[in-house]
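In: I would like to see how this sequence folds:
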Amino acid sequence: MSLPKAGDDRFGVRMTMISTVQGLKTTLTVDAAATRTGPNVVSVTNGGLGGAGDADTKQAVESGARRLQTVLAGKTPQG
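Out: Model prediction:
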């Protein structure tokens with residue numbers, strides 16, 4: 001999956017599993033993403049039976065990278 005430019009590097013993958021549970025077709029989708037700043041990494045997961053929202057995963061990666069940079073600067077992130 002494509003991710004926003006956050007941190008020094010980033011990687012993301014979307015996994016989808018389709019199965020039948022008690023006769024009903026069920027789809028589980030999970031996004032796993034990581035962003036690196038220096039030797040430090042933040043990882044996020046997003047998903048569920050209703051799918052994984054692309055925008056939500058991208059926003060979480062951007063937010064995680066910003067928070068990591070704040071911490072590495074010796075400050076406390078808000079929220």
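
In: CA atoms of stretch 71-79 as CSV?
Out: Extracted in CSV, the C-alpha atoms of stretch 71-79 (Å, rounded to 0.1, in the frame of the first residue of the first chain):
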residue,chain,number,x,y,z
VAL,A,71,9.6,12.8,21.6
LEU,A,72,13.0,12.5,19.9
ALA,A,73,13.3,16.3,20.3
GLY,A,74,12.8,15.9,24.0
LYS,A,75,9.3,17.3,24.1
THR,A,76,6.0,15.7,25.2
PRO,A,77,3.4,15.2,22.4
GLN,A,78,0.0,16.7,22.9
GLY,A,79,-3.1,14.5,23.3
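
In: tell me the mean pLDDT for it?
Out: Stretch 71-79 comes out with an average pLDDT of 91.

In: all strands for this protein, in order.
Out: For the chain, the strands defined by DSSP state E cover 9-21, 24-37, 40-48.

In: make a markdown table from those and add distance to Gln69, mean neighbour count and mean pLDDT to it.
Out: C-betas here are computed from N, CA, C, even on glycine. As requested, the strands of the chain are exported to a markdown table (distance: least, Cβ to Cβ, whole Å; neighbours: other Cβ atoms under 10 Å; pLDDT from 0 to 100):
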| stretch | distance to Gln69 | mean neighbour count | mean pLDDT |
| --- | --- | --- | --- |
| strand 9-21 | 13 | 12 | 94 |
| strand 24-37 | 6 | 16 | 95 |
| strand 40-48 | 9 | 16 | 95 |
